[in-house]
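*Asks:* make a model of this:
(one chain, ligands or ions: 1)
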Amino acid sequence: MADERLIVALDFHHFGDVKKLVTELGDSVKFYKVGMELFYSVGTDVLDWLKSLDKKIFLDLKLCDIPNTTANGLCSLMNLGADIMNIHATGGFTMMKTAADKLREESARLGIAKPKLIAVTILTSINQSDWEGLGYGATEISAQVVRLAKLAKSAGVDGVVASPQEAKLIRENCGDDFLIITPGIRPAGADINDQSRISTPAAALKNGANYLVIGRPITKAENPKDAAQKILAEIKGI
Ligand code: C5P
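*Replies:* Numbering: from 1, shown residues only. Presented below is the predicted three-dimensional model:
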């Protein structure tokens, strides 16, 4: 059975590229992330197609709006059958709590499994100079990430997206009953692209991550299946 801790990011414009990659990866990958690039160009068909192959889906649209709009937007998306959906923690406690409560109520009303609701803390691409530009200079990024993770947990959100470098701190502060999804994963020697706060797949899991979101190290590899299998071998048994 495929290791569901690996989520491959389908950052493509064209459905044809998705079909090619998912078919090539076959049974080795069960979980896929559909983000803005793909959803805004292809729409809901891609989710139907992945579901028809019995794949799991993380719908990564990072909603951030006023509480009512975010909560209702999530309820509209819930009908698409994703297993994980997300919002920005910087939308604040009231937004996160309204979204979490509404999703719980609405899934119970419809009699369907509630998708996990995850909050993005601080994007893994934010580096120290971006951080200072945002005016948070005096606060450590990691301290802010932990603060947002605790806020998300108290609002009833199921977990967070965070850099693998912050996973350990989040685990220590938020306990075991809280999901940590880490993008910014780079196998040793891989191109870091536009990411900043990165780590290897094994290190991220050892530090407490539940899921690894990996895009370009697999999707842009000469042989994606080989790249995925190397990562799966690296994390086996951790
Ligand atoms: O190609 P790469 O492995 O960098 O892809 C990482 C994926 O994770 C991208 O789809 C990106 O949007 C997403 N992501 C991220 N950092 C976050 C949240 C999501 O890199 N904080």
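
*Asks:* check contacts around Ser107.
*Replies:* Contacts here follow Cβ atoms under 8 Å, 6 or more residues apart in numbering; on that basis Ser107 touches Met78, Ala113, Lys114, Pro115. (Each C-beta comes from the backbone N, C-alpha and C, glycine too.)

*Asks:* just the strands in the protein please.
*Replies:* For the chain, the strands defined by DSSP state E occupy 6-9, 31-35, 56-63, 84-88, 116-120, 159-161, 179-182, 211-214.

*Asks:* most packed of those?
*Replies:* Taking mean count of other Cβ atoms under 10 Å as the contact definition, the stretch among the strands of the chain with the greatest mean neighbour count is strand 159-161, which reaches a mean of 26.

*Asks:* tell me which of the strands of the chain lies nearest to Ile238.
*Replies:* Counting by Cβ to Cβ, Ile238 lies closest to strand 211-214 out of these; the figure is 10.6 Å.

*Asks:* give me the contact list for the closest one.
*Replies:* Contact partners of strand 211-214, identified using Cβ under 8 Å, 6+ apart, comprise 4-9, 31, 33, 58, 60, 161, 164, 179-183, 185, 201, 204-205, 231, 235.

*Asks:* list, one by one, the residues from the protein near the ligand.
*Replies:* Residues of the chain found near the ligand (Cβ under 6 Å from any ligand atom) are 9, 11, 35, 60, 120, 123-124, 161, 183-184, 193, 195, 213-217.

*Asks:* thinking again about what came up before, so which of the contacts of Ser107 belong to helices?
*Replies:* Residues from the contacts of Ser107 lying in helices, with DSSP state H as the criterion: Met78.

*Asks:* just the closest of the contacts of Ser107 to the ligand, please.
*Replies:* Within these, proximity to the ligand (Cβ to the nearest ligand atom) peaks at Pro115, which comes in at 16.6 Å.
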